[in-house]
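**Q** turn this into a model:
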Amino acid sequence: MTLTTTAVLAGGPVVPSRSVLRPLGPDEVRISGGFWADTQELNATVILDHCETWMERIGWIGNFDRAADGTVAEHHDGIEFVDSEVYKLLEAMAWELGRHPDAALEARYSALVDRVAAAQEPDGYLHTAFGRPGQRPRYSDLEWGHELYCFGHLIQAAVARARSGHPDDVLVRVARRLADHVDREFGEEGRDAICGHPEIEPALVELGRALGEPRYVELARIFVERRGRRTLATTLFQGSDYFLDDMPVREATVLRGHAVRAAYFTAGAADVAVETGDDGLLAAVQRQWRRTVAHRTYLTGGIGSHHQNEEFGADDELPPDRAYAETCAAIGSVMVSWRLLLQTADPSHADLIERTLLNAVLVSPRADGRAFYYANTLHQRELASETHDDELSERAEANLRAPWFEVSCCPTNVARTLASVGAYFATADDDGVQLHQFADLEVDTALPDGRRVALAVRTGYPFDGRVVVSVTEASEFTLCLRIPAWSRGRARASLNGGALPVDGDTLRVRRAFAAGDELVLELDTSPRFTVAPDGVDAVRGTVAVERGPLVLCLESVDLPEGVAFDRVRIDTATAPESTATGASVRLIVDDGRNDAPDDWPYRRLDAAVTARSGRAVTADLMPYAHWANRGPSLMRVWIPAAG
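**A** Residues are numbered from 1 along each chain as shown. Have a look, this model is predicted:
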């Protein structure tokens, strides 16, 4: 395929200068209704305000005021990198304003930007926890200080504002001065060093793309090439692999170490590869991502199986009850998959984006948008304690969602992702439009030769697999729809009532479309049993249930009264049946027991109860992303199979 060149001031979070597929901006694709519109509305009306209110309340925003008036050294609220949460909120606000202009939100955004800008030093440096008399010197703790990490999030917020039609916004000017400072400090003639937490790499590339400034791309390249020389100081528990500083990126074969760091760095490396034409670097990223997806990714799309250090485990080390699967890591996964989809047009990347967004990301916010998961277990063994909506929490690990955390990277990350999520739904190339995700959409874009493509998409997705695409303006082009892996071989399609052949991973229709033409895609969203590969020892003998793109789970509150949660097995001989949003399954309740709770519990096989029998009950499974919205409960995704 030929590469499509894009304009520098258009598009969403990722706008490569060359790609197989061109991302569409918020003026070209808009979520207009249904499931995703409701999700974005919750973000706009609740989550943004929730994040801002909490950061105001506990002083994280006030740090900028104290930095501006010279008193922050006497009192700084939060840990070193809380600046980044304010920046992620600004990015979310910028994308939301680009999607749906609102005077009240514009005023809040501008007021917050002014407070941030007032804290910037004359040379461009901007951080509230370092550099002033009484504080640690600048760049004195590159391993844990997160200075460049925070800068990256400010820069990404500025990119969002620039691409939303405000290239000369105050925040954009702040980001340019900051990037120039970093270039002076860390460029070829500056410090030979990197930040312990990658993030600035993709941010610098995107700023360079948005402002047409190649110096920023070159600086990102320098940071990417410097990592892997073991220059960051390690500890007893955090080795060089934790920082991805154990080997050069081109030599690695899989993502490892801290999952969020790994995903952000991989996204930045992909960006650098594209902008510099480095096919070898891009191939290395693709190779690492392929193995990570195949061996280090949970069924939900979550990544990171170690609570200690928030790290990846070894290949196939994916225990459901000890899954960390941090929300931010899932968002990082989407970032990587999207970049690779744009460069390759491989639908498997869109498959993973769908899985990750609907399961590993949307599990984080509570239904009312006022509490969040940081880590996301796939098996809750004990009832969690109730949380209070006015109490600051430690990181929520396999507990009920909390309103705010001492390390609160996930709520603001969810906010910026939901505000810009429409960018992941459709793309264009020289000859047409591709639909990668399904929602009620309005698509209106021009192809390079001037042909206009205008579409309206209507669907009940993700609970209903019927997708209706209506052409709203006559034009000749190619329309492509992804066929999700879970429906391949079981999808049907028609155009104006006439059947279309559906074969493979993409439905592709090339014709002179008339206004009013209607293409209907029917995906099979009936529930199905899923098993893990044999290498995932932790879930041998169990099955999961999926319904369309949704991973389902069993919650204790959905069991009949008197049925113990740890005494049920799923009857895989009886097919699951669809419910409105999940599935109904047949469970076998064990009558026999092999427990000795007050004695040595292990028995010889011939002395144990091995011929188990039990009574049958039915229970509803619900989308994993919706669990724990009804109070404390036990939960599992992987259910022991009967027989």
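**Q** setting aside sequence neighbours, what's the nearest residue to residue 221?
**A** In space, and not counting its chain neighbours, residue 221 is closest to residue 272: 4.8 Å by CB to CB, 6 or more residues apart in numbering. For the C-beta atoms, the positions are set from N, CA and C on the backbone; glycine is no exception.
**Q** which residues in the stretch 451-600 of the chain form strands?
**A** Using DSSP state E, counting those that start in this stretch, the strands found in the stretch 451-600 of the chain span residues 452-459, 466-471, 475-482, 492-495, 498-500, 506-513, 518-522, 527-530, 542-547, 550-555, 568-570, 577-578, 583-590.
**Q** strand partners of the first one, parallel vs antiparallel please.
**A** Strand 452-459 has its sheet partners listed here by DSSP bridges as strand 440-446 (antiparallel), strand 466-471 (antiparallel).
**Q** check the last one too.
**A** Partners of strand 583-590 in the sheet, by DSSP bridges, are strand 568-570 (antiparallel), strand 577-578 (antiparallel), strand 614-623 (antiparallel).
**Q** among those strands, which is nearest residue 399?
**A** strand 614-623 (18.8 Å; CB to CB).
**Q** run through who's touching that closest one.
**A** 358-359, 527, 545, 547, 550-555, 558-560, 563, 567-569, 571, 576, 579, 581-592 (CB atoms under 8 Å, 6 or more residues apart in numbering).
**Q** show me where pLDDT drops low in the stretch 251-400 of the chain?
**A** Residue ranges of the stretch 251-400 of the chain with pLDDT under 70: 395-398.
**Q** secondary structure element for the residue nearest to the spatial centre of the chain?
**A** In the chain, the centroid-proximal residue (CA atoms, centre = their mean) is residue 331; its distance is 1.9 Å. According to DSSP states H and E, residue 331 maps onto helix 327-344.
**Q** same for that helix, what does it pack against?
**A** Helices and strands touching helix 327-344, by 3 or more CB pairs under 8 Å, 6 or more residues apart in numbering; DSSP states H and E, are helix 259-276, helix 279-295, helix 347-355, helix 409-420.
**Q** next, the angle strand 475-482 makes with that helix.
**A** Relative orientation of helix 327-344 versus strand 475-482 (axes from the mean of the first three to the mean of the last three CA atoms, to 10 degrees): 140 degrees.
**Q** show me what contacts residue 540?
**A** 532, 534.
**Q** how much space separates it from residue 318?
**A** Noted for residue 540: a distance of 12 Å to residue 318, by CB to CB, to the nearest Å.
**Q** quickly list what's touching both of the two.
**A** residue 532.
**Q** and the helix holding residue 331, C-alpha only, in PDB?
**A** Provided in PDB are the C-alpha atoms of helix 327-344 (Å, rounded to 0.1, in the frame of the first residue of the first chain):
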ATOM      1  CA  THR A 327      -5.900   0.700  33.900                       C
ATOM      2  CA  CYS A 328      -3.000   3.000  32.600                       C
ATOM      3  CA  ALA A 329      -1.300  -0.100  31.100                       C
ATOM      4  CA  ALA A 330      -4.500  -0.900  29.200                       C
ATOM      5  CA  ILE A 331      -4.500   2.600  27.900                       C
ATOM      6  CA  GLY A 332      -0.900   2.300  26.900                       C
ATOM      7  CA  SER A 333      -1.800  -0.900  25.000                       C
ATOM      8  CA  VAL A 334      -4.400   0.900  23.000                       C
ATOM      9  CA  MET A 335      -1.800   3.600  22.200                       C
ATOM     10  CA  VAL A 336       0.600   1.000  20.800                       C
ATOM     11  CA  SER A 337      -2.100  -1.000  18.900                       C
ATOM     12  CA  TRP A 338      -3.400   2.200  17.200                       C
ATOM     13  CA  ARG A 339       0.000   3.200  16.000                       C
ATOM     14  CA  LEU A 340       0.600  -0.200  14.500                       C
ATOM     15  CA  LEU A 341      -2.900  -0.300  12.900                       C
ATOM     16  CA  LEU A 342      -2.200   3.000  11.100                       C
ATOM     17  CA  GLN A 343       1.100   1.700   9.800                       C
ATOM     18  CA  THR A 344       0.000  -1.900   8.800                       C
END
